[in-house]
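Student: Output the structure for:
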Amino acid sequence: MSDFNWNDLRAFLAVARTGRLTAASARVGADHTTVSRRIAALEAAIGARLFDRSPAGYALTAHGERLMPTAEKIESLTLLAASEVGEADQALTGAVRIGAPEGFGSYFIAPLLASFADRHPGLEIQLVAIPGIVSLSKREADIAVTLSPPREGRLVARKLTDYGLSLYASPSYLDARPPIRTRADMAGHRFVGYIGDLLYAPELDYMQAPDVDIHVGLQSSNLIAQLQATLAGAGLCVLPDFIGAREPGLRRVLPDAVHLDRSLWLVVHADLRSLARIKAVTAMITGAVRTDRRLLTGGGTDPAATLDSTGA
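Tutor: Numbering: from 1, shown residues only. Alright, predicted model coming up:
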């Protein structure tokens with residue numbers, strides 16, 4: 001191990017987490033031939049093959065699996081050293097990647113970033129706002145906002161906030177169709193919602209109403225697409241109040257009869273939570289949530305609610 005090099009371990013971790021040289025090279029900022037050379041150097045230094053190569057990508061061998069936790073500990077120590085030495089003067093530098101559901105990321109976090117970037121010009125903020133889940137264990141993000149707390153991994157989670165959802169539609173849709181005065185009136189209307197078999201979290205499975213025959217005529221895996229379709233008059237849609245209530249092109253439908261609650265969690269990898277830049281970003285998010293708590297909660301009922309629950 002006299003030729004051991006930390007950069008070889010960085011390459012190993014990147015390939016292990018992505019499964020491909022091209023994706024790993026983007027993570028470490030080197031071309032794929034350099035990453036391949038570093039993996040070969042590490043395998044030579046250790047005297048063991050760490051990956052099985054195939055057309056489908058790179059998979060860890062048993063030796064690679066054993067090396068993984070040690071490599072992550074070394075990675076954590078280097079991050080801690082950089083924090084204690086490089087950030088000792090509180091000048092925040094480096095990249096912070098935030099993973100969040102597309103609605104909360106696009107409509108709540110994104111508007112915060114302009115003033116935050118002005119206050120901390122040395123930081124590079126990366127916002128991953130997608131209809132899916134990012135893995136902190138695989139270092140796909142440094143901070144994650146999730147719909148439920150993690151069940152495993154060296155992760156630290158705290159409840160960020162409850163948030164409310166209500167039924168919305170555009171004036172053009174409502175004016176062209178029979179009025180909706182009671183829950184029973186929803187039966188003859190078209191809904192916009194998620195594609196059932198593509199739901200990435202059970203918390204999004206709320207299009208159920210035992211007392212009403214709901215027809216989800218337009219489905220999308222993306223909340224922003226659902227919003228745009230609703231604004232264009234496609235139908236009724238359940239939307240977070242922090243989105244729907246701020247859209248002048250939408251009306252809330254049956255506010256006293258249809259209201260749902262869900263929760264958001266703020267999750268950080270245990271090895272990163274003490275870094276100054278991570279603390280700064282989490283403080284930005286939690287501070288904004290405290291300020292806009294009323295908009296986020298929008299009333300509130302039962303966290304396990306579906307469309308069969310009412311706010312009455």
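Student: State the pLDDT value of L112.
Tutor: For L112, the model assigns a pLDDT of 96.
Student: same check, this time on R20
Tutor: 90.
Student: and what of T301?
Tutor: For T301, the model assigns a pLDDT of 42.
Student: Could you pull out the strands in the stretch 201-312 of the chain for me?
Tutor: For the stretch 201-312 of the chain, strands defined by DSSP state E, counting those that start in this stretch occupy the ranges 215-219, 236-240, 251-253, 259-269.
Student: relative orientation of the last one and strand 236-240 in degrees?
Tutor: If I follow you right, that is strand 259-269. Here the directions of strand 259-269 and strand 236-240 differ by 40 degrees (axes from the mean of the first three to the mean of the last three CA atoms, to 10 degrees).
Student: which helices and strands sit right next to strand 259-269?
Tutor: strand 143-146, strand 155-169, helix 276-291 (3 or more CB pairs under 8 Å, 6 or more residues apart in numbering; DSSP states H and E). (C-beta placed from N, C-alpha, C; glycine too.)
Student: what comes up buried for the helix or strand following the second one?
Tutor: When you say that, I think you mean strand 155-169. Going down the chain from strand 155-169, the next helix or strand is helix 171-175, by DSSP states H and E. For helix 171-175, a neighbour-count test (16 or more other CB atoms under 10 Å) marks Y173, L174 as buried.
Student: Helix 171-175: how far from the chain's middle?
Tutor: 33 Å (CA atoms, centre = their mean, to the nearest Å).
Student: ok, residues contacting that helix?
Tutor: Contact with helix 171-175 is made by I180, T230, G233, A234, G235, L236, G249, R251, V253, as judged by CB atoms under 8 Å, 6 or more residues apart in numbering.
Student: try stretch 34-43
Tutor: For stretch 34-43, using CB under 8 Å, 6+ apart, the contacting residues are 3-5, 7-12, 14-15, 21, 24-25, 28, 30, 49-51.
Student: circling back to that earlier point, for the strands of the stretch 201-312 of the chain, which one sits closest to R97?
Tutor: strand 259-269 (11.2 Å; CB to CB).
Student: got the contact list for the nearest residue to F191 once chain neighbours are set aside?
Tutor: Take F191 and drop its neighbours on the chain: the residue closest to it by CB to CB, 6 or more residues apart in numbering is V216, 4.6 Å away. Counting by CB under 8 Å, 6+ apart, V216 makes contact with F191, V192, G193, M207.
Student: just G19 next, same as before
Tutor: A56, G57, Y58, A59.
Student: Any of those buried? List them.
Tutor: Y58.
Student: how far away is R97 from P121?
Tutor: Using CB to CB, to the nearest Å, one gets 18 Å for the distance from R97 to P121.
Student: So for these two, which residue has more residues nearby?
Tutor: R97 (18 against 10; other CB atoms under 10 Å).
Student: Who does the more buried one form a beta bridge with?
Tutor: Beta-bridge pairing for R97 (DSSP bridges): Q126.
Student: thinking it is in contact with L136, fair?
Tutor: No: counting by CB atoms under 8 Å, R97 sits too far from L136 to count as a contact (9.8 Å).
Student: which residues are in contact with both of these two?
Tutor: In contact with both R97 and L136: D142, I143, using CB under 8 Å, 6+ apart.
Student: Just list the residues touching L264, thanks.
Tutor: L264 neighbours (CB under 8 Å, 6+ apart): P101, F104, V145, T146, L147, K159, L160, T161, D162, Y163.
Student: Backbone torsions only: list them for D211.
Tutor: phi -90, psi 0 (degrees, to the nearest 10).
Student: low pLDDT regions in the stretch 1-150 of the chain?
Tutor: 1-4, 80, 82-91 (pLDDT under 70).
Student: Do you have the helices of it handy? List them.
Tutor: With DSSP state H, counting those that start in this stretch as the criterion, the stretch 1-150 of the chain has helices at 6-18, 21-28, 32-46, 62-81, 102-104, 113-119.
Student: What subset of the contacts of L264 is buried?
Tutor: Among the contacts of L264, the ones that count as buried by 16+ other CB under 10 Å are P101, F104, V145, T146, L147, L160, T161, D162, Y163.
Student: Which residue is the nearest non-sequential neighbour of the fourth one?
Tutor: When the adjacent residues along the chain are set aside, T146 lies closest to W265, with 4.9 Å between them (CB to CB, 6+ apart).
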